[in-house]
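Peer 1: Give the three-dimensional model of this entry:
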Amino acid sequence: MVASGIAVGTVGIASDHAGFELKAVLREQLGEMGVEVIDFGTNSPESVDYPDFADALASAMKDGRASRGILICGTGIGIAMAANRHKNMRAATCHDTTDARLARQHNDANVLALGARTMGPEVAQDCVRVFLNTAFEGDTNPRHARRIAKMS
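Peer 2: Presented below is the predicted three-dimensional model:
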């Protein structure tokens, strides 16, 4: 998919039980946007452990099956913490479109973490749209690239 001149490869999406319903809404949105999606679960509202789903996405991103990811749990905090244990992941918990835009522009976040219990589906959809349509400014602002390099 190319959005606003930005190439977006396959997006992996995963959630725990708290994010199960929001994940379905966002999968539909991604399909409407023409984005190829890999769903790593969970596939029901039964209680599960969010680190397992962050790990599944990390594996797919490491081996190139997904270039970006979306993770959802109750607050977005726990699943982002689990994702950020992996070297290839830069997960940002975002609460609004400003967070999503700056996470991409300044931090080259490759994973958007959202809280199903802390935001409505419309705000989450707006965050996804902005996250996928915003480029990293590392080419035009070397300080951002330098900082990302220190985290890698």
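
Peer 1: May I have the phi/psi pair for residue 115?
Peer 2: phi -110, psi 110 (degrees, to the nearest 10).

Peer 1: who's in contact with stretch 71-85?
Peer 2: 13-16, 18-19, 22-23, 26, 50-51, 53-55, 57-58, 69, 89-95, 111-118, 124 (CB atoms under 8 Å, 6 or more residues apart in numbering). Any C-beta I mention is one placed from the backbone N, CA and C, and that applies to glycine too.

Peer 1: mind checking the end-to-end distance for it?
Peer 2: Start-to-end span of stretch 71-85 (CA to CA, to the nearest Å) is 14 Å.

Peer 1: Next secondary structure element downstream of the host helix or strand of residue 14?
Peer 2: Assigned by DSSP states H and E, residue 14 falls within strand 11-15. As assigned by DSSP H and E, the chain's next helix or strand after strand 11-15 is helix 20-32.

Peer 1: how near is the residue nearest to residue 86 when sequence neighbours are not counted to residue 128?
Peer 2: Leaving out its chain neighbours, the residue that sits closest to residue 86 by CB to CB, 6 or more residues apart in numbering is residue 58, at 3.9 Å. Distance of residue 58 to residue 128, given as CB to CB, to the nearest Å: 19 Å.
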